[in-house]
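1. kindly generate the corresponding structure for this input.
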Amino acid sequence: MDHSSSALPPLDTLRAFEAAARTGSFSAAAQSLHLTHGAISRQIGRLEQWLGQRLFERRARGVALTPDGQRLYQRTSEAFALIADTSDRWIEPRGSTVVKLTTIPSVCGLWLLPRLAALEAGAPRLQVELLVDHRHLDLETENIDLAIRCGRGSLPGRACVQLFEEHCFPIASPEVAAAAGSGDVARLLAFPLIHDSDASKWRAWFAAHGVDYRLRRQDRRFEDYNLVLDAAANGLGITLARPPLAEEALRTGRLIADDPRTVLILMGYFLDRPVGRMRPAAAELTRRIMATAGVEATAADAFLRAER
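-> Numbering: from 1, shown residues only. Sure, this is the predicted structure:
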């Protein structure tokens, strides 16, 4: 394996290694880190592959360090001790009620955070650890319980259930909406149109009303929908409402409907998880998210029961 891009092995693999070496058991390491035995085994395998060395001898009762493993354990123990002595450090939440959830910034800021306190409350009380990233993370490798993403359907190796559809319509600041007036949809082309990732949503909206739209020089693009809404609210052009992400901006009047005609976009918001049995806390958070989103009972039950 080529290590030229990094002088260190993945830190999560070192954490799993240190716990296994300290306890002499993958099962005990899994319990101490609140992971599964399989997750610990995969992390150790990644580390051994990265180093090109065997670190453990597998035995009938637990595991034993090889000479290479003993040398690495001494170094990692010293390194983790130094890290533990560092003050003002961020302590990663641990425990049976902690649920790791990944999503993109727009979904996190516009839908999840306003509902997070309610999702965590109740019995049992949950703690959601958020991983906010534009990428589709490997849920099993990263030990992530759930993901909320925007997409067109299921992904390989994941169970998924749709939370929302996107019924889009044009919105703008009150000033721009007043200037645009009402009438034929082509009137909107007199203004810059604001996109998030690409022009497909605007193209679909115009096509549904008989207009062939092509991206123009004056149109603007922002990678994240939070910025799209801010740009429209500041009068930089007209964008498409993507319910439920635009709900707050519309409720407060920062943005208003520029045209009432909606078009169903072939994108949706999905709740994903690794296929297999869920931890109780992750299953409980899943139920709360699906109830909040109004997922139909049959679909919710199938998502919770999805096995390998």
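
2. going by C-alpha atoms from here, please, whenever you check contacts or count neighbours.
-> Noted.

3. what are the contacting residues of stretch 218-236?
-> 105-106, 109-110, 171-173, 175-176, 192-198, 237-239, 246, 249, 254-255 (C-alpha atoms under 8 Å, 6 or more residues apart in numbering).

4. tell me where the protein has strands.
-> Secondary structure of the chain by DSSP state E: the strands cover 56-58, 63-65, 98-103, 127-132, 146-151, 158-172, 194-195, 220-221, 239-241, 256-257, 263-274.

5. make CSV from those and add mean neighbour count and mean pLDDT to it.
-> Below are the strands of the chain laid out as CSV (neighbours: other C-alpha atoms under 10 Å; pLDDT from 0 to 100):
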stretch, mean neighbour count, mean pLDDT
strand 56-58, 15, 89
strand 63-65, 18, 91
strand 98-103, 22, 95
strand 127-132, 18, 94
strand 146-151, 21, 93
strand 158-172, 22, 95
strand 194-195, 26, 96
strand 220-221, 18, 95
strand 239-241, 27, 97
strand 256-257, 20, 96
strand 263-274, 19, 92
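
6. any chance of those strands in CSV, plus distance to residue 232?
-> As requested, the strands of the chain are exported to CSV (distance: least, C-alpha to C-alpha, whole Å):
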stretch, distance to residue 232
strand 56-58, 58
strand 63-65, 59
strand 98-103, 23
strand 127-132, 24
strand 146-151, 21
strand 158-172, 6
strand 194-195, 7
strand 220-221, 10
strand 239-241, 6
strand 256-257, 10
strand 263-274, 19
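
7. sorry, back to before: whichever of the contacts of stretch 218-236 end up buried, select them in PyMOL.
-> Selection of the buried residues among these in PyMOL, burial being defined by 16 or more other C-alpha atoms under 10 Å:
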select buried, resi 105+106+109+110+171+172+173+176+192+193+194+195+196+237+238+239+246+249+254+255
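
8. before we move on, the earlier item: which one, of the strands of the chain, ends up nearest to residue 82?
-> Nearest to residue 82 among these is strand 63-65; the distance by C-alpha to C-alpha comes to 22.5 Å.
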